[in-house]
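J.: sequence-free structure coming up:
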């Protein structure tokens, strides 16, 4: 973990309330897909944790949803402005367990960290499928980006306005060897209940410090309470103690 200053090179809308920010800076501490960064914003006491969409050749890509005052402030930042960022937070996904046909399951702004994961799995010669879910056609993003990498991509929408009608659990392939999931808790619990293979979940949670000191973000596991920011945010399916 390091405190790094980045310079914004892009801050553009992908949908009505989802934006992509690209920043130049030192990305050396981001070593695994599924890690996150903590962004400091002037005038706000707590940093904003945001999952890493991509990190390559000194370019950090973040995709965020405008849901409050902090992210609204981010949305108004311009090219050339600087951001202080804690990098290399969290454990990330374990690609060594993927098997031949890994499955990526993303919902809404849970989709971005799966992009870097797809790149790493494809680089190892894996046959990667991605199922990404949204509420409506207007909310869909990164379908083409996943396809351009070489993934087999299925899009689901809850209202049926684009792709397969329903949720990601309505489009699960039968031949997947392992899954990686990120999204809202109802989606993750549905994946947990419906899958009969092993996999990993990246949990979304409000965070205070982002590196395990405040113990403000915890979840139940079979070995007791764990800090999502420090021990996670990625947990194996068999670790989690969920009442489904």
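T.: Here it is on my side, so go on. From a predicted model like this one, the values you see are computed outputs, not experimental measurements.
J.: Can you name the residues that contact the residue of the chain positioned farthest from its centre?
T.: Ranked by distance from the centre of the chain (Cα atoms, centre = their mean), the top residue is residue 43, with 26.0 Å. For residue 43, the contact set (Cβ atoms under 8 Å, 6 or more residues apart in numbering) comprises residue 73. The way it works is simple: take the backbone N, C-alpha and C, and place the C-beta from them, glycine included.
J.: any idea how far residue 188 is from it?
T.: 33 Å (Cβ to Cβ, to the nearest Å).
J.: what's the answer for residue 62, then?
T.: Applying Cβ to Cβ to residue 62 and residue 188 gives a distance of 21 Å.
J.: Any idea which helix or strand in this structure has the lowest mean pLDDT?
T.: Least confident helix or strand of the chain, by mean pLDDT, DSSP states H and E, is strand 218-221 with a mean of 74.
J.: Only the buried residues of the lengthiest helix in the chain, if you could.
T.: In the chain, with assignment by DSSP state H, the single longest helix is helix 112-123. In terms of neighbour count (16 or more other Cβ atoms under 10 Å), helix 112-123 has its buried residues at 112-121.
J.: that older thread, tell me the SS of the residue farthest from the centre of the chain?
T.: coil (DSSP: H, G, I helix; E, B strand; the rest coil).
J.: How about the backbone phi and psi for it?
T.: phi 90, psi 0 (degrees, to the nearest 10).
J.: pLDDT score assigned to it?
T.: At residue 43, the pLDDT value in this model is 91.
J.: which helices and strands does the helix or strand following the least confident helix or strand of the chain pack with?
T.: Counting by DSSP states H and E, the element after strand 218-221 in chain order, helix or strand, is strand 224-227. On a contact count with 3 or more Cβ pairs under 8 Å, 6 or more residues apart in numbering; DSSP states H and E, strand 224-227 meets strand 218-221.
J.: how far does the strand it packs on sit from the chain's center?
T.: With Cα atoms, centre = their mean, to the nearest Å as the basis, strand 218-221 stands 19 Å off its chain's centre.
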